[in-house]
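A.B. asks: Please work out how this folds:
(chains A and B)
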Amino acid sequence: MANSSGSRLDESQNQETMSTDDRLKRLYPAVREEETPLPRSWSPKDKYNFIGLSQNNLRVHYKGMGKTHKDAASVRATHPIPSSCGIYYFEVKIISKGRDGYMGIGLSAQGVNMNRLPGWDKHSYGFHGDDGNSFCSSGAGQQYGPTFTTGDVIGCCVNLVEKTCFYTKNGIHLGVAFTALPPNLYPTVGLQTPGEVVEANFGQAPFIFDIEDYMKEYRMKTRMTIERFPVSDRRGEWQSTLHRIVSTYLVHHGYCSTAEAFSKVTAQPIEEDIASIKNRQKIQKLVLAGRMGEAINTTQDYYPGLLESNPNLLFTLKCRQFIEMVNGTDSEVRGLSVHSPKSRHGSGSNRSSPTMSPVHYGSSNNLHPQRTPTGSGNNSPSRSSVKGLNTQNQNLQGQTDLHRIEEEMNSVNNDNHSVNGSNSRYIDEDIEMTDGLIDERVVTNGKSDSVCMNGNSHDDYTEEMEVDCPSSKRKLCGGNQEAIGKMLQYGKGLQSMSEQLRRQFGKNDANKRALQDAFSLLAYSDPWNSPVGHQLQPVKREPVCAALNSAILESKGLQKQPPLEVAIAQATECMKLMAKAGIGSCAFASVSEYLH
Amino acid sequence: MVIGNNRQKSAVINDGLLPRLLQLMIDESVSFELRTESAVILGSVAKGTDQHIQSLIDAGCVHVLLKGIFSVHLKYVEACLRCLRSIYLSNKAPADLVYQDLAIISHLVNILSKTATTQECITSIFSSCCKTQAHQNVLYSNGMVAALAPLLNSNVYKVQMPTMKCLAVICYKNESVSHAVASATFNGEPIPSLLLRLIARNRTSEMQMAAAKCLTYLYRAGGLSAKNPIIPLKTMPTLVRMCKKDRTLEENIDGAETLAYLVEVDPELQKIASITDHVISTLAVYLKYTDVQQITSKINGKKDMDWGLEMKQAAFKAFASIGANDEDIRKKIIETENLMDHILMAMTSDNAKVQGAATRCLHSLSRSVQQLRTTFKDHSIWKPLMKLIEIGCDEVLAIASSTLCNLLLEFSPSKEDILESGAINMLCKLASKEDPALKLNGVWGLMNMAFQSEEKVKSEIVETLGSEQLFVLLSDEDPTILMKTLGLLRNLLSNKPVCNLVHIDSIMNVYGTQVMQAVVFILEGDHSVDIKEQTLCILANIADGDRAKDFIMENEDVLKKLMSYMNHSNPQLQIAATYTISNLVWNEHDDAKCYHRQEKLRELGVQRLLQKLLDTPDQTLFEKVKTALQQFS
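C.D. replies: This is a model prediction of the structure:
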C-alpha cells in the first residue's frame, strides 16, 4: 500500500503545472464560485481553540492537552461543498499521528460543536484513524475500514448525486461509508492528542485517488438518464414537435429559404408570411451592419406604430444609433464620409465582424435595458445546436436552396449599395461558409442569422483589403467634422427624449445608464480603446437586433422568442435551480455541452 | 441468400446443399461473386444451432474456408472469415486446423488490419482457438502482438472487444508473451496504458471487465509487477466493481473469479483486496443466491444454469485467495454470516465445481490456528472433508487432503475425531498414489498424525502404510515428499509426550536394519541441508532409545558419518550430529552399557572432537557440545 502512495495513474502530464484555479475549474466545471465558493483551505474562524493552522491554512496541528475525549478539537473548511460539484473530493495526509493517532476525517454541517471529533454529533460524519471505524452522527463507531497513521493519505469523496460518501486510503477505494447525507456539509478534520498533524489537499495538487475516473461514470450515467428519458411518440407528436422547434427557429431568425424548404418537407406550417420574414430580415441586417438610422426608418415604414408604442425600445435603438454615429457606421454620418472609405470601413467593425465575433456568453444580461425585463429567456446561450434537429436541417440544404440564397444575397447586396456587393466570387465563398456552419451543426443563436452574416463578412472582406492599419486611423464619426456636428445634435435630441421619457413613465435606471454609457464615449480621445469602448464593438449590435426582432414579432401576435431558445433557457435555468436545491446531477448535465 | 430461420438452416443441410456449396467455393472457374454468395450462405448456417455447426465441420467446411482466405477478392475473404468466426466461437471446431499450416497463421496476421471486418473476425477466431502454450507461441512469433496493439485504439466496439479477449488468451500463463505484450507499443504508448483507457469507468461494464482481465493475465504471467499501480489501483477496483449488485450475474461471477486469480499469490494484493470497496461483504451476498434461471445462449439455445451454485463457487474462490495468508483477513471472512454452513453445504453438493471451490476456501481458512480451534471444531468440518476424500474426484482430493493435513496439526481439536474415523487408512492410501500432490498430502497428514501420538497410533501407521511403502517414499525423487517422509519417520521414532522408551525400541526392533540402511543412503546421497538435518535428527531419536542405541553403536559407518558431520561447515548439521552423540553417551541410570559406549566413542576420537568444538562461535552448538562432554565420565 505504501508503494502505491508515491506513484500516480493520472494520464495528463500537465497536471503538475496547473494552477489551483485551473485544476478546480476542471474538476468542478458546473460550480459558479461567485455564488457558491469551493472550499480552498481550513477556516481560521470556524475551529476549536486547540487547533492550530499553518501553511496557508492547509496544515492542521493539535495544541491542546489531549487528556480525554473532552479535549477533542475540529476545524471546518472555509465553505460548504457546493451541490453543483456533483462529485466532491478532498484528501488529507497524516503528517504525524502524534501520541495516540486519534485523527478523524469527515464532514459536518455549520454550527456543529467543534470541541468534538467529526462523526460524534448530529450532522457530523467521520472516519477515525485509531480504530478504522466510521462515525455517522453517533458516539458509537461502526466497523468500516483499515486504521490509518503517519504517512497515509486519506481521501473523502462526497457523491452529491446519490448523497453518499466513501473514503480512500492511499488511493484504495474503501467503499461507501455514509448514505442519505444532508446538503451543505463542510470538509472537517478533528484531532485529539498532542503531536497530531494533518494536511489537506482541496484540489490544489493532484490527488492520489483517480477521482476524475469516478466522475466519468456519473457523467455517463447522467447522460444515459437524459438520453433514455422516455417520450411518448404516439402518432408522431414528438417528431412534429421537433420539426416545429426547428421551423420556428428558422423563421424567427429569418432563415427564409431554409425555413420554406424545411416546411415543404416536413409539412410544417409557417405562421408568418414570407414577405414579413423578409422584412424582418432586412431590418436585422441593417442593425447588424450598424446602420441604425436606416433600420429605425425601415421599421417605421414596415411596422408603423410599433416603436411609438415601445418608447423604451425606440430609446434603445436611438442610443445605439448614437453609438454607431460615434463609430462612423450609421447612415446619418456615413454618407458624409463617403469620400474616405478607409476610415469608414475601419471604424471598429473590423475588430470583429458578427460572423467571427466571440460569443459573449451570458453577457447579454447587462447589455441592453430592454433585455432585462424579458428575463432569462433572452439570456440564453448564444450558440446553440440541437443534435437531430439540425440533421434534418442539414439534409434539406440542397443545392437548389443554396442557389436561391445566393440569388437573394446578390439582390440584398445590390440593395445595400455595398461597395463591391455584386462580386459573385465573394458571395460564393460566403455561401460555402453558411454551408459549413450548418454542417458543423452550429447555429448561431440569439444574434445575427447566417444570411445576414454573409452580407457582413462580405463587407469585412473588402475592409481587410482596403484598410492597412485601421486602428491607427479610427476617428470619431469617421473624422468628418460635419458628421460630428450631426452626432452632437443627435445627442441633444437623445438627451431630451430621455427627459421626456422620464417625465412620462418615471425613472428608468436602465435607460439612464445606457445614455450615460453612450455619452461617456465622447469623453475619450480614442473611444475605441477607452474603458467604455466595448459599446462600439459590432457584437453589441446583436442584443439590440434581437430585441427589435422580438418586438416586431410580438406586435404581430407571434412569439417574441423561438421555442428552441425558450427550451434552452429553461434547461439552463433548471440547472441553476437544481444546484440551489442540492441536486448534484446538475454537475453532469451541462446544457452547453449539448449545444456543441 | 441469407437464411434466418433455424428450420430452414436444417433444410439446407438435410437437402445436401453443403457439399454443393463447398464445391462452388473450391472451383476456381466459378465467378467470385457466386463463391462469395456461397460463403455467405455457409456463414448464415453457421449462426444456427450447435448441430448446424457440427454439420458444417463434418462437411469439411473449415478446410475450404481456410483456403478461401487466401483469395485476392476481399469480399470473398471477409465472407469466409465471418463464417469461420461463427464456427470457432461455438468452440466446436478443432483449433488445430488453424495451426496445421503456418502459412495460414501468418496470412491471417497479415490481413488482420485490412478492414473492420477482418479485424473483428480474425481477433474473434484467435480468441477462441488459442488454447495451448504452443498456440500462444506460434501466434506471438508470427507478429500477433504487434498487430493487436493498434486495434486497441480502434473506435469500433466490435473490434476492441475481441482484441482484448485475444490479448488475454495469448498472455494467459505465458511469461514470454506477456512480457512482449507489456512492452509492445502503439504510437509510443505501451499496451498497458492503452488498456487503461478502456478500463475507464465511462466504458461499458463488458469492456471494463475485458480490460481488467487482460491486465490480470498480464500481471499473473509476469508481464506486469504487482507493485505497478495499474494492478492494485485500477485492475483490482474494477474487478471488485464487477462484483456489485448493479452488474449482471455473469459479470458478478466473472469478476469474483478473476479477482481470485489476480490476488491468488501476492499477500500484499490480498491485503489491498480485503479493504477495497467492502469486497468481503459484497461476496458474502453471493452465498445467499438460490435462484435457478434459464438463460438463452445465442448458439446453444436454452440451457439451465444454476446461478446460485455459480455465484457460490465464485465467492468461495475469491475468499480462498483473499484469505490465503493473513490471519486478520481470514477472521473477517469467517465472520461472514453462516459462511461455515454454506461451505459445509457446498461440500456435500453434487457439483464438483462448487465442491472444489468450497474446499479451497476451507483450505485457506484452515491455515488459521484460531479457526481450527473454534469454528472448525464447532462445525465438525472433518466429517464432510473425510467423506470428500473418500469419494471425491482427483481435483477435489488434492485440496481436500491438504486441508485434512491442517486439521491434523497437534493443536487441532479435531485430530482425535479424525483419527477415530479411519484417517490412517485414508492417508496411507493417498501416500501410495501416483500423483505427487496426493502422495505428499498423504505423507504430510501421517507426519502430523504421528506427531507426539500414542504408540498404538504409531504402530498402526507403520502397519497400514507398510514398511516397504515407507522406504519407497524415502527414495522418492521429490524433495518435499522425502522431507515429509523423514518427518514422519522422526515423529514415529519419538518418545514424546511420555517418557517411555518403548516407541523407539519397538519400531527399531522390527525395522531397525532397514531404517539404518535408509539413513545411510540419504546421508550419502546428494541432498539439501534440510533433508540431511532431518535425517540426523532421526539418528538422534534412535539414539534416544534404549536398545535402539545399539543400531548406531554397532554401525561404525554411521559413527564415522556422525563425526564428519560434527566437522561440517554448516552449524545446523553440526548441532544435529552432536545432539545424536549426546544422546548416545547419555548417562542416566549409571549402567555399564553406557560406559561401554563412551569407551568406544572415546576410542574413535569423539571426545577429542567435542573438545575442539568448544571453540565454536555458534552458541547453540557450544551448549550442545558442553552437554555432551559433561556426560563423559
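A.B. asks: any low-confidence regions in the stretch 301-450 of chain B?
C.D. replies: Under the criterion pLDDT under 70, the flagged ranges of the stretch 301-450 of chain B are B:301-305.
A.B. asks: 80 instead, please
C.D. replies: Applying pLDDT under 80 to the stretch 301-450 of chain B flags the ranges B:301-305, B:371-373, B:392-395, B:410-412.
A.B. asks: Please, where are all the helices along it?
C.D. replies: B:307-322, B:327-334, B:339-347, B:352-365, B:369-373, B:375-378, B:382-391, B:394-407, B:415-420, B:423-431, B:436-450 (DSSP state H, counting those that start in this stretch).
A.B. asks: Measure how far the shortest one is from the centre of its chain, please.
C.D. replies: The gap between the average C-alpha position of helix B:375-378 and the chain average comes to 26 Å, counting by Cα atoms, centre = their mean, to the nearest Å.
A.B. asks: Please identify which of the helices of the stretch 301-450 of chain B is closest to residue A:99.
C.D. replies: If you check each of the helices of the stretch 301-450 of chain B against residue A:99 by Cβ to Cβ, helix B:327-334 wins as the nearest, at 24.6 Å. From N, CA and C alone the C-beta is placed, and that goes for glycine too.
A.B. asks: returning to what we had before: just put the helices of the stretch 301-450 of chain B in a markdown table and tack on mean neighbour count and distance to residue B:213.
C.D. replies: Output for the helices of the stretch 301-450 of chain B, formatted as a markdown table (neighbours: other Cβ atoms under 10 Å in any protein chain shown; distance: least, Cβ to Cβ, whole Å):
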| stretch | mean neighbour count | distance to residue B:213 |
| --- | --- | --- |
| helix B:307-322 | 25 | 14 |
| helix B:327-334 | 18 | 24 |
| helix B:339-347 | 20 | 25 |
| helix B:352-365 | 25 | 19 |
| helix B:369-373 | 17 | 32 |
| helix B:375-378 | 18 | 33 |
| helix B:382-391 | 19 | 31 |
| helix B:394-407 | 22 | 23 |
| helix B:415-420 | 16 | 40 |
| helix B:423-431 | 21 | 36 |
| helix B:436-450 | 24 | 28 |
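A.B. asks: Wait, residue B:464 touches residue B:425, no?
C.D. replies: Yes. In this structure residue B:464 lies within contact range of residue B:425 using Cβ atoms under 8 Å: 5.9 Å.
A.B. asks: OK, contacts around the residue in the stretch 51-200 of chain A that chain B sits nearest to?
C.D. replies: In the stretch 51-200 of chain A, the residue found nearest to chain B is residue A:175; the distance is 3.6 Å by Cβ to the nearest Cβ. Neighbouring residues of residue A:175 by Cβ atoms under 8 Å, 6 or more residues apart in numbering or on different chains: A:144, A:145, A:166, B:276, B:277, B:278.
A.B. asks: With residue B:511 instead?
C.D. replies: B:462, B:467.
A.B. asks: Please repeat the previous calculation with a cut-off of 6 Å.
C.D. replies: Residues counted as contacts of residue B:511 (Cβ atoms under 6 Å, 6 or more residues apart in numbering or on different chains) are residue B:467.
A.B. asks: how near is it to residue B:542?
C.D. replies: 11 Å (Cβ to Cβ, to the nearest Å).
A.B. asks: Over to residue B:387?
C.D. replies: 38 Å.
A.B. asks: Repeat that for residue B:34.
C.D. replies: Distance from residue B:34 to residue B:542, by Cβ to Cβ: 88 Å.
A.B. asks: who has more neighbours, those two?
C.D. replies: For residue B:34 versus residue B:542, the count of surrounding residues by other Cβ atoms under 10 Å in any protein chain shown is larger for residue B:542: 28 against 13.
A.B. asks: my guess is the more buried one meets residue B:548, correct?
C.D. replies: Yes. Using Cβ atoms under 6 Å, residue B:542 is in contact with residue B:548, at 4.9 Å.
A.B. asks: Report the residue spans of the chain with pLDDT below the cut-off.
C.D. replies: This is for chain A. Using pLDDT under 80, the flagged stretches of chain A are A:1-18, A:232-236, A:331-480, A:594-596.
A.B. asks: Chain B is the one I meant
C.D. replies: B:1-4, B:290-305, B:371-373, B:392-395, B:410-412, B:455, B:494-511, B:544-550, B:585-596, B:630-633.
A.B. asks: could you point out the longest helix in it?
C.D. replies: Longest helix of chain B, by residue count under DSSP state H: helix B:502-524.
A.B. asks: And chain A, by the same measure?
C.D. replies: Chain A, longest helix under DSSP H: helix A:481-505.
A.B. asks: Not counting its own residues, what contacts that one?
C.D. replies: A:311, A:318, A:322, A:325, A:332, A:333, A:336, A:477, A:515.
A.B. asks: tell me which element the second one falls in.
C.D. replies: What it means is residue A:318. Element membership for residue A:318, per DSSP states H and E: helix A:311-327.
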